[in-house]
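Student: kindly return the folded structure for what I paste below:
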Amino acid sequence: MSRIGLVVNPTAGHGRGKAAGRQAHAGLVAAGHEVTDLSGPTLAQATDAAREAVVGGLDALVVVGGDGMVHLGVNVVAGTDRPLGIVASGSGNDIARWLGLPVHDVPASLEVLSRGLREGPHQIDAAQVRAPGREAFEWFVGVLSCGIDAAVNARANQMRFPPGMGKYLRALATELVGFRSYGYRLVHDDGEETFAGPLVAVANTGAFGGGIRIAPHAVPDDGLLDVITARDLTLRRVLALLPRLFTGTHLRHPHVHTQTTRIVLIAPSDPHGPPPPVAYADGERIGPLPLEVRLIPGALHVLA
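Tutor: Below you'll find the predicted structure:
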């Protein structure tokens, strides 16, 4: 029998998270596990409860929801030997899909959890992001974005209608009306560069935003981050490039660049354009640039 902490986002997947949470709780108990529900009225309270429970000796933490709940779980157990289980029931579920986990299938998710508990978890990389010179950091396991995609994410989070991907399309249309390239300075393993462009993404897994394959070659246990940049694009070229983001073929575009690195500093570059938007990672707000991202190999144990 394992001691499992369960954190549920009841609003995930347009309300499906609550039912998925009940089903996951019942299934884990039926399998003989001791389950503690650590869900709270806010994500901050749930995070605090989960951290306290992990210190108290949980065998695993299981989150029920989308990428935001995965982000919560990662920030509780990354850097420890406690494994993270994922019951994907959100709207996007990009991280779960990239890890090959079941989506919107609680029985299949519970089978994966049980097998992982029996056979041991799989170690993958996780990234730490912090303001330069600061000790405090936040973990992420998916994609950090600080371009037009981050601006769209922020705007979509403020919208109530339409649901799902419709919010992002509406937010994208609004952002494109006043489109201008941002100014960036990047410092990475290969040196330093400055440029103007609409997009910088730092990826450990390859997709975000409900199916945008921003880094189709990203491998979450190779010890490297994939940095994707788009440069010197007019609005017309941006519009032509957008559909290719869902297939990963944008990497063939001459104005899209990709490289791998273990650490990257992303900062504004005033001569090249206006400051980039506030950064988001795993769909959650991180903060304004400059930011340093450092990959920690094998930092996360996943029941996968």
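
Student: going forward, measure contacts and count neighbours with C-alpha atoms only.
Tutor: Fine.

Student: how many residues are close by G166?
Tutor: Using other Cα atoms under 10 Å, G166 has 12 neighbouring residues.

Student: is A20 in contact with V103, as I believe?
Tutor: No. Using Cα atoms under 8 Å, A20 is not in contact with V103; the gap is 11.0 Å.

Student: which elements pack onto the helix or strand harbouring L28?
Tutor: Secondary structure assigned from DSSP states H and E places L28 in helix 12-30. Helix 12-30 sits against strand 3-8, strand 34-37, strand 60-65, helix 106-119, with contacts defined as 3 or more Cα pairs under 8 Å, 6 or more residues apart in numbering; DSSP states H and E.

Student: just the angle for that helix relative to helix 106-119, thanks.
Tutor: Angle, helix 12-30 to helix 106-119, by axes from the mean of the first three to the mean of the last three Cα atoms, to 10 degrees: 50 degrees.

Student: what about the chain, any weak spots by pLDDT?
Tutor: 10-15, 163-165 (pLDDT under 70).

Student: longest single strand anywhere in it?
Tutor: Identified as the longest strand of the chain according to DSSP state E is strand 291-302.

Student: ok, and what's touching that strand?
Tutor: The contact list for strand 291-302 (Cα atoms under 8 Å, 6 or more residues apart in numbering) reads 74, 77-85, 121-132, 221-225, 262-267.

Student: which ones among those residues are found in helices?
Tutor: If you go by DSSP state H, the contacts of strand 291-302 have V74, V77 in helices.

Student: W98 and I263: what is the separation?
Tutor: W98 is 22 Å from I263, where distance means Cα to Cα, to the nearest Å.

Student: thinking again about what came up before, between A20 and V103, which has more neighbouring residues?
Tutor: Counted by other Cα under 10 Å, A20 and V103 do not tie: A20 has more neighbours, with 26 against 21.

Student: what sits against the more buried one?
Tutor: By Cα under 8 Å, 6+ apart, the neighbours of A20 are V64, V87, S89, V106.

Student: how far away is the closest residue to E292 other than its chain neighbours from L172?
Tutor: Computed as Cα to Cα, 6 or more residues apart in numbering, the closest residue to E292 that is not its neighbour in sequence is L265, at 4.3 Å. L265 sits 26 Å away from L172, taking Cα to Cα as the criterion.

Student: what of H255?
Tutor: Distance of H255 to L172, given as Cα to Cα: 20 Å.

Student: neighbour-wise, which of those two wins?
Tutor: Taking neighbours as other Cα under 10 Å, H255 and L172 compare with L172 leading, 18 against 15.

Student: once you drop chain neighbours, what's closest to the more buried one?
Tutor: V152 (5.4 Å).

Student: is it true that that neighbour touches L176?
Tutor: No. Look at V152 against L176 with Cα under 8 Å: they stay out of range, at 9.4 Å.
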